[in-house]
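**Student:** quick one: sequence and predicted model below, then my questions.
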Amino acid sequence: MLALGKLLELTLAGREPTEKIQLTREGARLHWLAQGALEVTPPASEDCGLDLLLSAGIHGNETAPIELLDRLLQGIASGQLIPRARILFLFGNPEAIRRGERYVEQDINRLFSGRHEQASGFEALRANELERLAAAFFIREGRERLHYDLHTAIRASKIEQFALYPYAEGREHSAAQLARLNAAGVEAVLLQQKVGITFSSYTYAHLGAEAFTLELGKARPFGQNQAVNLDLLEKRLREIIEHCEPATTTLDGLQLFSVAREVIKHSDAFRLHLPADIENFSELPAGYLLAEDIAGTRWVVEEQGARIIFPNPKVKNGLRAGILIVPAQL
Ligand SMILES: O=C(O)CCC(=O)N[C@@H](CCC(=O)O)C(=O)O
Ligand SMILES: [Zn+2]
């Protein structure tokens, strides 16, 4: 296998490769661009016209998706997987990955779409670098642009694998993309209603990519991801990479939700009235007092069929401490 196939090993060791460009026997070019960043270019005659950005490790403790990207890249570097798309592999927060922590100083996934300019520290610099790498990758006109930002969640979930589909004014969510996710084992999609500050929101709203955050199970350390079954997703990604994806249009079984409200923590007085072990997608009855904050602020559930995802009272002030969602249709 080509040495650049070991991007994860290099990233964990904080090392730069001596050779930054290598060619597979089949003529695909692997180019190490920066720490945790590697671009794959198929021979021009094989190129199917897709630019595919695959990122993981935006949160350093979410290891199952990092292992998945490692397998895909090693497959390419060993000639077992023949790329027919341009691919950018990104391991988002190398220092947090090395420490096995969600983040070190700041959550990188709250620093996109310019937010890094109002922040300091290495995670702000890294968010800027990731934006620059993604923008340079998606510079070519007339090609399909697709970004999957792979995550695992802090808590267990009633729906194990789901996607968050960003929002941009004037753009419609794509049924074809939802069908592709359905075939990849994604069980539910949350349609965002406003522009966000996450990595997938940035590539969707600013770079014109179809982009998704994929939540794939519960976060566990490296080597302990047996309970996270990524078989269907991995199969689909291999097919996308090799341009041999079976046609599919069915949305059967795919559950759709939209964001009713983001619960923002404003102060240290914030209190979330949920059990510590509550699962994502738990239903909350109308009238339920979900949270309280400074100056008598109260979050009371008003929506019928409301559910909660990502409840987290420990986030920094000003950030999202949960999302209230409701069933939706395209
Ligand atoms: O489990 C949790 O509470 C958070 C899991 C996670 O990291 N989710 C992403 C979602 C990104 C998005 O909204 O597209 C995040 O919070 O950054
Ligand atoms: Zn995450």
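**Tutor:** Yes, it's here. Ligands and ions are numbered 1, 2, ... in the order given.
**Student:** what's near enough to touch the residue lying closest to residue 194 once chain neighbours are set aside?
**Tutor:** Of all residues not flanking residue 194 in the chain, residue 167 sits nearest, at 5.6 Å (CB to CB, 6 or more residues apart in numbering). Heads up, the C-betas are built off the backbone N, CA and C, glycines and all. Residue 167 makes contact with 191-196, 201, 204-205, according to CB atoms under 8 Å, 6 or more residues apart in numbering.
**Student:** ok, which stretches of the stretch 151-300 of the chain are helices?
**Tutor:** Ranges of helices in the stretch 151-300 of the chain, per DSSP state H, counting those that start in this stretch, are 175-183, 199-207, 231-242.
**Student:** most packed of these?
**Tutor:** Greatest average neighbour count among those goes to helix 199-207 (a mean of 24), per mean count of other CB atoms under 10 Å.
**Student:** that one - contacts with which helices or strands?
**Tutor:** Secondary-structure packing of helix 199-207 (3 or more CB pairs under 8 Å, 6 or more residues apart in numbering; DSSP states H and E): helix 122-137, strand 144-153, strand 210-218.
**Student:** out of those, which is closest to ligand 2?
**Tutor:** Ligand 2 lies closest, by CB to the ion, to one member of these: strand 144-153, at 3.3 Å.
**Student:** what residues does the stretch 51-200 of the chain have near ligand 2?
**Tutor:** For the stretch 51-200 of the chain, the residues in contact with ligand 2 (CB under 5 Å from the ion) are 59, 62, 151.
**Student:** of these, which are in range of ligand 1?
**Tutor:** By CB under 6 Å from any ligand atom, the members of these lying near ligand 1 are 59, 151.
**Student:** up against ligand 1, what does the stretch 1-150 of the chain have?
**Tutor:** Residues of the stretch 1-150 of the chain lying near ligand 1 by CB under 6 Å from any ligand atom: 59, 109.
**Student:** can you pull the contacts of residue 184?
**Tutor:** For residue 184, the contacting residues are 232-233, 235-237, by CB under 8 Å, 6+ apart.
**Student:** quick check: closest non-adjacent residue to residue 311.
**Tutor:** Leaving out its chain neighbours, the residue that sits closest to residue 311 by CB to CB, 6+ apart is residue 322, at 4.0 Å.
**Student:** before we move on, what SS does the one you found have?
**Tutor:** strand (DSSP: H, G, I helix; E, B strand; the rest coil).
**Student:** what's opposite it in the beta bridge?
**Tutor:** Going by DSSP bridges, residue 322 is paired in beta bridges with residue 263.
**Student:** residue numbering should commence at 69 henceforth.
**Tutor:** Will do, 69 is the new start, and the previous item becomes residue 390.
**Student:** what separation do you get for it and residue 340?
**Tutor:** 7 Å (CB to CB, to the nearest Å).
**Student:** do residue 92 as well
**Tutor:** Plainly put, residue 92 is 50 Å away from residue 340 if you go by CB to CB.
**Student:** swap in residue 172?
**Tutor:** Residue 172 sits at a distance of 24 Å from residue 340 (criterion: CB to CB).
**Student:** the two: which is more packed in?
**Tutor:** Neighbour totals were compared for residue 172 and residue 340, and residue 340 leads with 21 against 17 (other CB atoms under 10 Å).
**Student:** which non-adjacent residue is nearest the more buried one?
**Tutor:** residue 381 is the one closest to residue 340 (CB to CB, 6+ apart), at 4.1 Å.
**Student:** so the one you found lies in a strand, does it not?
**Tutor:** No: going by three-state DSSP, the assignment for residue 381 is coil, not a strand.
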